[in-house]
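Participant: Here is my input, please return the structure:
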Amino acid sequence: MGGIQYLKGIGPAKAKLFERLEIFSVADLLHYYPRTYQDRRENAPNQGLNPPSLVVFKGRVLRAQTIPARSVLIFKAFLTDAQNNQIECTWFKRRSFRNFRFDPFAALKKDFKINAEIWVIGRRESRNNFFDNKITVEEYYPVASPDSAWHAGRLTPIYGLTEGLTNKQFRQFMHEALTSAEAQGEPDILPPALADKRGFISSTQALHAIHFPASLAELENARARLAYEEFLLLATAWGVKRTQTKAVAKEYTYQIHKNLLTPFRQNLGFEFTNSQKKVINEIFTDLQSPLPMNRLLQGDVGSGKTIVALSAMLLAAENGYQSALMAPTEILAEQHYLTFQKLLKKLKVPVAVLTSSTKTAERKKILAALADGSLPIVVGTHALLQDDVQFRNLKLAVIDEQHRFGVRQRGKLKEKTARLDLLTMTATPIPRTLALALYGDLSVSTLTELPPGRRPIQTRMADEFQANHLVAEEVQKGRQAYIVYPLIEESESISAKAVTEEFEKLKTIFPQFKLAMLHGQMSRTEKEKVMADFAAHKTDILVATPVIEVGIDVPNATIMVIENAERFGLASLHQLRGRVGRGQYDSQCILVAQHKGSLSRERLNIICETCDGFKIGQRDMQLRGPGEILGTRQSGDFEFKAGDLFKDRNILQWAIEDRDELLADDPLLQKPQHAAFKARLLELYQKNWHLIDLS
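Facilitator: Numbers count the residues shown, from 1 in each chain. Purely as a prediction, here's the structure:
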C-alpha cells in the first residue's frame, strides 16, 4: 500500500507525526484501531459510549454574533434542535494584538449563516451542578458538507493521538486509506476455508466497520473477525516454531547419577511436595528426551519453583554440563544467587552471579570459568546475553519471570550453544488456552500445592496508625515484621513514601525495637548482612523496598505492612505478602493506601479476598490486560489490537483449533490459497520472531 507520506493530505512533515504512533505505512494506519467511539447519531439511545456532559445534536442556525472582550474574542451561535430547544453554542479565541485585522471566526461566520444545518459536538456548561442549554463547542460540521459523514451522524471513532494531529484529521486520513485499499482490492489474508467455516466478514468489510461502524452489532462483528486474525497469526507462528524445534534432535543426553541430586534432597531438611515430584519427573523426562526441552513452569508464590529449577540444574552438572538462570533484575538475580549458595553449600558446587554491576576483576574470573567449563552454574541478568559471555558446555537455560523477556532475548541465549534445553518460570498463572496461544512452543507444568505447614495469611486494609500498632503487637510477642515502601528516595514527580526518609521516622515510632533498612542501591555485602541479621533475629523490623519481593524466607516474620499499596500491581502485592506465613504462627498482611480510586480499591479488595495466586493472576489480567501482565507490550513480541484474551476466549480457542487444522494440511503454508496469510505472517514476525523460518 506504500508509505504513509504518500497518502493524500499527509506528506513528509505530517508523516513524522504518524511515526510517533508507530504508523509508517498505509497498512499500519488501517490497523491502528480506534481507542473508543462516540455515538453521534441523532436522538441516539444512551448506550454508555458518551460521557454525561457530551452534547451531540443537529440544529438549524437562528442567529450568530461575535462578542469582543478584553483578552479573548467570543463567538456565539444560537441553534434550534429537532425538539425545538434553543441551544447557545460558544467558541473562545485569544485576541491577536499583533494582527488586529485577522478574524479568527471568519470560517465560523461563513458556516453559521441563518437557517444553515450544522452538526455540533460540545460539552454542556454546568452552573451549580445544573446543566443548562449552553455548550462549549469542540467540533462542528455543516450538514451540507460531504465530509461530515465521517465525523457526525454516526458511531464516530476516537483515536489515540500525538501532538499535532486531531481526531478530525485522523478520521479524514483513515477514510482516504480505506478508499485507497478498497480501490486496490487488497487480498483477504484469512484462508478462505477458515473464513467460511467461522462465518466471518471479509477483511475489507472488517477494516471499514472497525473504523466507521454502521451499528454496534457491525462493530462487534468486525472486532471479532480482526481478533480471530490476530490470534490465528500468533498461534500459527508458534505452531511452526514448535514443529521446527521438534524437527532437530539434540546431540547430547542426560543420565541420572544421583551423586549431586541425592545429597541435595537429603540436605534440604524437608520433603518435596507431590506436585514438585511430578514436575521434576516431567522436566527430567524432557531432558532425557532426544528433542530439546521447551517447558513453562508456573506456580504460585512459595510453591517451590526455585527448588525444581535447581534440581534440573544439578542434573546438568552431574552430566558435566553448564546451566544458566536468567532473571529480569539485578535484585532478583542476586537473591537467586544467595539462595543457591545456601542450598549448595554442603555440595560444594560452584555458583556465581553476573550482572551489569559485577566488578571488572570478578567479571573476568567468571567469564574465564564459564569459558573453560569450571563454573557449572551461573545466575545473571541480561548481562548473560553479551557477546563476550561464552560457555564451554551450556546445555540448560532457566528463565525466571519469563514474561519480562521477549522472544529475541530468549533466542539470544540459545545462540550461546548449538542446542539448548529451556525451562521458563512464572508466578503469573496462565490459563492453558492462553499458554497454548502465547507460548505455543512450550509444554506446561504447574505446581498445584504449597509446601506443608504454610499458613493462610489474613490480609486487610488499615491506616498507618493501626498498621504500626499491629506491628508493635507482633514484635512484642517475639515475632518479626516487614514494612515496605515503593521508593528508595523521595521524588518530586511521584507522590509516594520513600524508605530512606520513613526509616528515620520509624526509629522514633519504635525506639524499643531493632530496625534495619534494605534497598536495591546497597552493595551486595550490605544486603547480605542485613538479610542474615534479620534471619538470625538480630533485627526486629526490616524496612525495605520491593527488593524483598522474592527470595527471603524467615519463618519468624509474621506481619507485612505495605505502604502506598495502591502503587503496587496485584502480582507484586501477592509476592510481597508471600514473605510471611512461612512458619508455625498466624500471619497478616496490612495494606496502607494513600489514594483509593475505584480501580485501586478494586485491586486491593482482590488481594484482601483471596490468597490464591491463580485467581489473583486472572483478575490482574482482566483489570490491566494480558499485554501488561505477560510482558508482550514491554518486550515487543506482540500486542493485541482488536482481541481481548479473556473476553474472546472462545475466539482464541477457534484460532488454536484452526491453526492445527491449517498446519496439518499445509505445514509450511506453501499452497496458493495460503499465500496472503503467509505473507502477513512474515511481515509481522520478521523482526520480532526471527527464529521462525517460513521460507
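
Participant: what's the single longest helix in this protein?
Facilitator: Secondary structure of the chain read by DSSP state H shows that its longest helix is helix 216-247.

Participant: what is the mean pLDDT for that helix?
Facilitator: Averaging pLDDT along helix 216-247 yields 86.

Participant: Who are the packing partners of it?
Facilitator: helix 203-211, helix 432-438, helix 649-665, helix 675-685 (3 or more CB pairs under 8 Å, 6 or more residues apart in numbering; DSSP states H and E). No exception for glycine: its C-beta is placed from N, CA and C like everyone else's.

Participant: got a markdown table for the ones you listed, with mean pLDDT and distance to residue 324 too?
Facilitator: Formatted as a markdown table, the helices and strands packed on helix 216-247 follow (pLDDT from 0 to 100; distance: least, CB to CB, whole Å):
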| stretch | mean pLDDT | distance to residue 324 |
| --- | --- | --- |
| helix 203-211 | 94 | 44 |
| helix 432-438 | 57 | 23 |
| helix 649-665 | 90 | 32 |
| helix 675-685 | 83 | 26 |
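
Participant: and these, which is most packed in?
Facilitator: helix 203-211 (a mean of 21; mean count of other CB atoms under 10 Å).

Participant: Relative to the whole chain's centre, how far out is that one?
Facilitator: Helix 203-211 has its C-alpha centroid displaced from the chain centroid by 27 Å (CA atoms, centre = their mean, to the nearest Å).

Participant: now that helix and helix 675-685, what's the angle there?
Facilitator: Interaxial angle of helix 203-211 relative to helix 675-685 (axes from the mean of the first three to the mean of the last three CA atoms, to 10 degrees): 50 degrees.

Participant: And the pLDDT for residue 568?
Facilitator: So residue 568 comes in at 85 (pLDDT).

Participant: for it, what are its contacts?
Facilitator: 486, 546, 562, 576 (CB atoms under 8 Å, 6 or more residues apart in numbering).

Participant: any idea how far it lies from residue 486?
Facilitator: Distance, residue 568 to residue 486, by CB to CB, to the nearest Å: 7 Å.

Participant: shared neighbours of those two, anything?
Facilitator: Joint contacts of residue 568 and residue 486 (CB under 8 Å, 6+ apart) are residue 546.

Participant: Can you give me the separation between the residue nearest to residue 94 when sequence neighbours are not counted and residue 590?
Facilitator: Spatial nearest neighbour of residue 94, chain neighbours left out: residue 72 (5.7 Å); criterion: CB to CB, 6 or more residues apart in numbering. Using CB to CB, residue 72 is found at 52 Å from residue 590.

Participant: Between those two, which is the more surrounded one?
Facilitator: residue 590 (25 against 13; other CB atoms under 10 Å).

Participant: where does the more buried one land in three-state SS?
Facilitator: strand (DSSP: H, G, I helix; E, B strand; the rest coil).

Participant: Any chance of CSV for the contacts of residue 568, columns distance to residue 676?
Facilitator: Formatted as CSV, the contacts of residue 568 follow (distance: CB to CB, whole Å):
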residue, distance to residue 676
486, 49
546, 47
562, 51
576, 49
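
Participant: Of the residues you listed, just the buried ones, PyMOL syntax please.
Facilitator: Selection of buried members from those for PyMOL, criterion 16 or more other CB atoms under 10 Å:
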select buried, resi 486+546+562+576
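
Participant: can I get the contacts of residue 568 in TSV with distance to residue 367, secondary structure and pLDDT?
Facilitator: Output for the contacts of residue 568, formatted as TSV (distance: CB to CB, whole Å; DSSP: H, G, I helix; E, B strand; the rest coil; pLDDT from 0 to 100):
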residue	distance to residue 367	secondary structure	pLDDT
486	36	coil	86
546	30	helix	84
562	39	strand	95
576	35	helix	89
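
Participant: out of the contacts of residue 568, who's nearest residue 176?
Facilitator: Lowest distance from residue 176 to these (CB to CB) belongs to residue 486, with 46.6 Å.

Participant: Hmm, residue 544 and that closest one touching each other?
Facilitator: No. Counting by CB atoms under 8 Å, residue 486 stays clear of residue 544, with 10.8 Å between them.

Participant: what's in contact with the longest strand anywhere in the chain?
Facilitator: Ranked by residue count, the top strand of the chain under DSSP state E comes out as strand 54-68. Residues from elsewhere that reach strand 54-68 (CB under 8 Å, 6+ apart): 38-42, 44, 50, 73-82, 86-87, 105, 108-109, 112-124, 135, 143, 152-153.

Participant: from the chain's centre, how far out does stretch 155-167 sit?
Facilitator: Going by CA atoms, centre = their mean, where stretch 155-167 is centred and where its chain is centred differ by 24 Å.

Participant: and if you look at stretch 118-127?
Facilitator: With CA atoms, centre = their mean as the basis, the mean position of stretch 118-127 lies at 37 Å from the chain mean.

Participant: With stretch 549-564 instead?
Facilitator: For stretch 549-564, the distance to the chain centre is 25 Å (CA atoms, centre = their mean).

Participant: repeat for stretch 446-462
Facilitator: 25 Å.

Participant: again with stretch 263-280
Facilitator: 33 Å.

Participant: Could you list the alpha-carbon positions for it in PDB?
Facilitator: Extracted as PDB, the C-alpha positions of stretch 263-280 are listed here (Å, rounded to 0.1, in the frame of the first residue of the first chain):
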ATOM      1  CA  PRO A 263      22.700 -35.400  48.800                       C
ATOM      2  CA  PHE A 264      20.900 -32.200  47.600                       C
ATOM      3  CA  ARG A 265      17.500 -33.700  48.600                       C
ATOM      4  CA  GLN A 266      18.900 -35.100  51.900                       C
ATOM      5  CA  ASN A 267      20.400 -31.700  52.900                       C
ATOM      6  CA  LEU A 268      17.100 -29.700  52.200                       C
ATOM      7  CA  GLY A 269      15.600 -30.600  55.600                       C
ATOM      8  CA  PHE A 270      12.200 -31.100  54.100                       C
ATOM      9  CA  GLU A 271      10.500 -33.400  51.500                       C
ATOM     10  CA  PHE A 272       9.400 -32.300  48.000                       C
ATOM     11  CA  THR A 273       5.700 -31.900  47.700                       C
ATOM     12  CA  ASN A 274       3.900 -34.400  45.400                       C
ATOM     13  CA  SER A 275       3.400 -31.600  42.900                       C
ATOM     14  CA  GLN A 276       7.200 -30.800  42.900                       C
ATOM     15  CA  LYS A 277       8.000 -34.500  42.400                       C
ATOM     16  CA  LYS A 278       5.600 -34.700  39.500                       C
ATOM     17  CA  VAL A 279       7.000 -31.600  37.800                       C
ATOM     18  CA  ILE A 280      10.600 -32.700  38.400                       C
END
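
Participant: Which residues does it contact?
Facilitator: 297, 299, 303-304, 307-308, 310-312, 314, 343-344, 346-347, 445-452.

Participant: can you do 10 Å?
Facilitator: 258, 261, 295, 297-299, 303-305, 307-312, 314-315, 343-347, 349, 445-453 (CB atoms under 10 Å, 6 or more residues apart in numbering).

Participant: Let's see which of these end up in helices.
Facilitator: Using DSSP H, the contacts of stretch 263-280 in helices are 261, 305, 307, 308, 309, 310, 311, 312, 314, 315, 343, 344.
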